[in-house]
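1. Take this sequence and fold it.
(4 chains)
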Protein chains: 2
Amino acid sequence: MDSNGGSRSQGTGSGRAGDCQHGEVCGHCDVRHTAMCNVLNDAELEKLNSLSSDFKRDTQQIICSEGEPADHLYNLRSGVIRLSKMLPDGRRQITGFLFGGDFLGLACNEAYAYTAEAITPVEMCRFPRHKLTQMFGELPQLGGRVFSMTSTELEAAQSQMLLLGRKTAAERLSSFLLSMAQKQHHSSTTEPAQPDADKQEVHLPMSRTDIADYLGLTVETVSRHFTKLAKSGLIDLQGSHKVILKDADALQAIADGDK
Amino acid sequence: MDSNGGSRSQGTGSGRAGDCQHGEVCGHCDVRHTAMCNVLNDAELEKLNSLSSDFKRDTQQIICSEGEPADHLYNLRSGVIRLSKMLPDGRRQITGFLFGGDFLGLACNEAYAYTAEAITPVEMCRFPRHKLTQMFGELPQLGGRVFSMTSTELEAAQSQMLLLGRKTAAERLSSFLLSMAQKQHHSSTTEPAQPDADKQEVHLPMSRTDIADYLGLTVETVSRHFTKLAKSGLIDLQGSHKVILKDADALQAIADGDK
DNA sequence: CGACTTGTTGAATAACATCAACACTAGTGG
DNA sequence: CCACTAGTGTTGATGTTATTCAACAAGTCG
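-> Here you go, the predicted structure:
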């Protein structure tokens, strides 16, 4: 399982909006620093607040570009971001999608190694990188937390290498759909429990081109395999941005290559 | 440049054996903790020493397995390690090669996400993971350093995604050869400066199968493209584990997809 | 509505994989 | 020293999957 991986934080020790123990009334958690709620107390969160500033972008706007000095770290509060790298001739690889609660800028030492663009309107908190790393001394929990999140990203990246290097188109698409489903269920733990039927309803905010560039395929191949999965009854396509997973087990078997 | 990436630490702030400022006489640096020499003083390095134990393995031996509890972190002192992930039916993806100075186990939260095997005999230092993360409080520099190394790994992983998702076989092989060359020059900065001719001599400790599984190709395709590069005069094959790069610029152009 | 973007489908092509044979190398023992 | 063997690497012929090129359908927005 989890043979696919986006860039989404998940697994032990990884902070998600849904993990926040402060509940509905906590201003810090609802609005900012969702990833830090479980490791920092209110005073420490306040300290973090004082370092960060709000940051918003609209659909299709660029948040940071490959090669630019990586002065800031971002915490995505709402919306969806795509991270991509390009070859000189225009070929593009999307290295991950970010959703509410995820961090942007962990994979940089000096310059951003990728371009980040808003797929939907996004709200973020922005931290000056050097101030944040300075705080690792004052707040040891913070450093450990950031390390843990970066590790989780790295694990996801390695799963994606397996997908890109060794999986067939059908396996890639199945892996992708399951990972998107997993993210959407997980992140909804703050909301009232969903009826079981909805658990298989997956929203795909990105275009077919984005999916293709994420899976290392062409749009046509992605489209063909969507239709194929639909015709074989494993999924139901409701417009191009909504999918119902009708047989998650079968999808999982395909994703894992268990033929 | 650096469009390829192994798992090797490189770039700003990333510790390499060659970066050590302590010189030849420093026991810590020559024997252990090479990655920490520049951020910790001798007393702190001594503290690190007290946490770590020596660890050796022979060629083809397993150091840790995918799914195993990730209790330890390793610092590779000498030798070469391959990291790999497998699908149930045996398809394998090598996610990186580790060389002297590199860390093993950064990409784990609870369980190892990959199998690590010795390609050559290896010598390592082993740290209990929980003791090391505890020290992040006492030695803030340590946490920052580990974060920086993990970031570097993540950057490399993203470059490899671009390679696996979007590059042709020829581009992959060229990228690989150049990244191997870069690692070997860089790591030899402690040794007397090499004559320029040697700069283009690259040793490949791994088998063709390993290269194929790293590049997401088959052995046959790798072999064919080695021959092709040799016939077109860009490289010189001296046995299967030694390559001379005769036209690094042309290789770079191929690697980047600048046709 | 009409123009533009996004997504789907079909046919031809190319790149890489697969299958199979052979060559080279290193190690073993007579 | 020379077979003998097993492992690794190379080369050739064929097959398959995904890409490319092209047309069309379905949304989206003025």
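2. Buried ones in stretch A:89-103, by neighbour count?
-> A:91-103 (16 or more other CB atoms under 10 Å in any protein chain shown). No exception for glycine: its C-beta is placed from N, CA and C like everyone else's.
3. what's the offset of it from the middle of its chain?
-> Centre-to-centre, stretch A:89-103 and its host chain are 8 Å apart (CA atoms, centre = their mean, to the nearest Å).
4. If we only consider the buried residues of stretch A:89-103, which is nearest to residue B:224?
-> The shortest gap between residue B:224 and any of the buried residues of stretch A:89-103 belongs to residue A:91, at 22.2 Å (CB to CB).
5. Wait, the closest one touches residue B:257, no?
-> Yes - between residue A:91 and residue B:257 there is a contact under CB atoms under 8 Å: 6.7 Å.
6. Spit out the residues that contact the two alike.
-> Here residue A:91 and residue B:257 have residue B:167 as joint contacts, going by CB atoms under 8 Å, 6 or more residues apart in numbering or on different chains.
7. still on that earlier bit, nearest to DNA strand C among the buried residues of stretch A:89-103?
-> Ranked by distance to DNA strand C (CB to the nearest atom of the strand), the buried residues of stretch A:89-103 are led by residue A:91 at 12.1 Å.
8. For the residue nearest to the closest one when sequence neighbours are not counted, give me the pLDDT.
-> Leaving aside its sequence neighbours, residue A:91 sits nearest to residue B:166 (CB to CB, 6 or more residues apart in numbering or on different chains; 4.4 Å). In this model, residue B:166 is scored at 98, pLDDT.
9. Can you give me the separation between residue B:166 and residue A:142?
-> Using CB to CB, to the nearest Å, we find residue B:166 at a distance of 36 Å from residue A:142.
10. Which strands or helices does the lengthiest helix in chain A pack on?
-> In chain A, with assignment by DSSP state H, the single longest helix is helix A:140-166. In this structure, helix A:140-166 makes packing contacts with helix A:42-51, strand A:92-98, helix A:129-138, helix A:169-186, strand B:81-86, strand B:92-98, helix B:129-138, helix B:140-166, judged by 3 or more CB pairs under 8 Å, 6 or more residues apart in numbering or on different chains; DSSP states H and E.
11. now that helix and helix A:129-138, what's the angle there?
-> Put simply, helix A:140-166 runs at 120 degrees to helix A:129-138, going by axes from the mean of the first three to the mean of the last three CA atoms, to 10 degrees.
12. How about helix A:140-166 and DNA strand C, touching?
-> No - with CB under 7 Å from any atom of the strand as the criterion, DNA strand C is not reached by helix A:140-166; the gap is at least 8.6 Å.
13. what residues does chain A put near DNA strand C?
-> Neighbours of DNA strand C within chain A, by CB under 7 Å from any atom of the strand: A:207-209, A:219-220, A:222-224, A:226-227, A:237, A:240-241.
14. Which single one of the buried residues of stretch A:89-103 is nearest to DNA strand D?
-> residue A:91 (8.3 Å).
15. how about that closest one, what does it touch?
-> Neighbour list for residue A:91: B:166-167, B:257 [criterion: CB under 8 Å, 6+ apart].
16. Out of these, which comes closest to residue B:60?
-> Set against residue B:60, the nearest of the contacts of residue A:91 by CB to CB is residue B:167 (29.4 Å).
17. tell me the contacts of the closest one?
-> By CB under 8 Å, 6+ apart, the contact set of residue B:167 is A:87, A:91, B:175, B:257.
18. Does the last one touch residue B:171 like I think?
-> This means residue B:257. Yes - with contacts counted by CB under 8 Å, residue B:257 reaches residue B:171, the gap being 5.7 Å.
19. ok, residue A:249 to residue A:238 distance?
-> Separation of residue A:249 from residue A:238 (CB to CB): 21 Å.
20. which parts of stretch A:47-62 are buried?
-> Using 16+ other CB under 10 Å as the burial criterion, the residues of stretch A:47-62 that qualify are A:48, A:52, A:55, A:57.
21. Check which helices and strands the helix or strand harbouring the third one sits against.
-> Right, residue A:55. Assigned by DSSP states H and E, residue A:55 belongs to strand A:53-57. In terms of contacts (3+ CB pairs under 8 Å, 6+ apart), strand A:53-57 is packed against strand A:122-128.
22. quick one: contacts of the strand it packs on?
-> A:32-33, A:48, A:51-57, A:63, A:71-81, A:104.
23. make it 7 Å
-> A:32-33, A:51-57, A:71-79, A:81 (CB atoms under 7 Å, 6 or more residues apart in numbering or on different chains).
24. Alpha carbons only: can I get it in PDB?
-> Taking Å, rounded to 0.1, in the frame of the first residue of the first chain, the C-alpha atoms of strand A:122-128 are listed here in PDB:
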ATOM      1  CA  VAL A 122      -4.600  29.600  -2.500                       C
ATOM      2  CA  GLU A 123      -4.100  31.000   1.000                       C
ATOM      3  CA  MET A 124      -0.700  30.500   2.700                       C
ATOM      4  CA  CYS A 125       1.500  31.600   5.600                       C
ATOM      5  CA  ARG A 126       4.900  32.700   4.600                       C
ATOM      6  CA  PHE A 127       8.100  32.400   6.800                       C
ATOM      7  CA  PRO A 128      11.500  33.900   6.100                       C
END
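25. and that strand, what's its mean pLDDT?
-> Mean predicted lDDT for strand A:122-128 stands at 94.
26. Three-state assignment for the residue of the stretch 1-150 of chain A found nearest DNA strand C, please.
-> Here the stretch 1-150 of chain A gets closest to DNA strand C at one residue, residue A:60, 8.4 Å apart by CB to the nearest atom of the strand. In three-state terms, and counting by DSSP: H, G, I helix; E, B strand; the rest coil, residue A:60 is coil.
27. And the pLDDT at it?
-> On the pLDDT scale, residue A:60 gets 92.
28. Give me the phi and psi for it.
-> Per-residue torsions, residue A:60: phi 70, psi 0 (degrees, to the nearest 10).
29. And it, how close does it get to DNA strand D?
-> According to CB to the nearest atom of the strand, to the nearest Å, residue A:60 and DNA strand D sit 12 Å apart.
30. and residue A:211, which of the three is it?
-> Residue A:211 ends up helix, using three-state DSSP.
31. Test for you: state the pLDDT assigned to it.
-> At residue A:211, the pLDDT value in this model is 98.
32. And the one 4 residues further on, by the same measure?
-> Residue A:215 is assigned a predicted lDDT (pLDDT) of 98.
33. which phi and psi does it have?
-> Here is the backbone geometry of residue A:215 (degrees, to the nearest 10): phi -90, psi 0.
34. Quick check: the gap between it and residue A:231.
-> Between residue A:215 and residue A:231 the computed distance is 20 Å (CB to CB).
35. Of the two, which one has the most company?
-> Between residue A:215 and residue A:231, counted using other CB atoms under 10 Å in any protein chain shown, residue A:215 has the larger neighbour count: 25 against 9.
36. State whether the more buried one and residue A:175 are indeed in contact, as I suppose.
-> No - using CB atoms under 7 Å, residue A:215 is not in contact with residue A:175; the gap is 8.3 Å.
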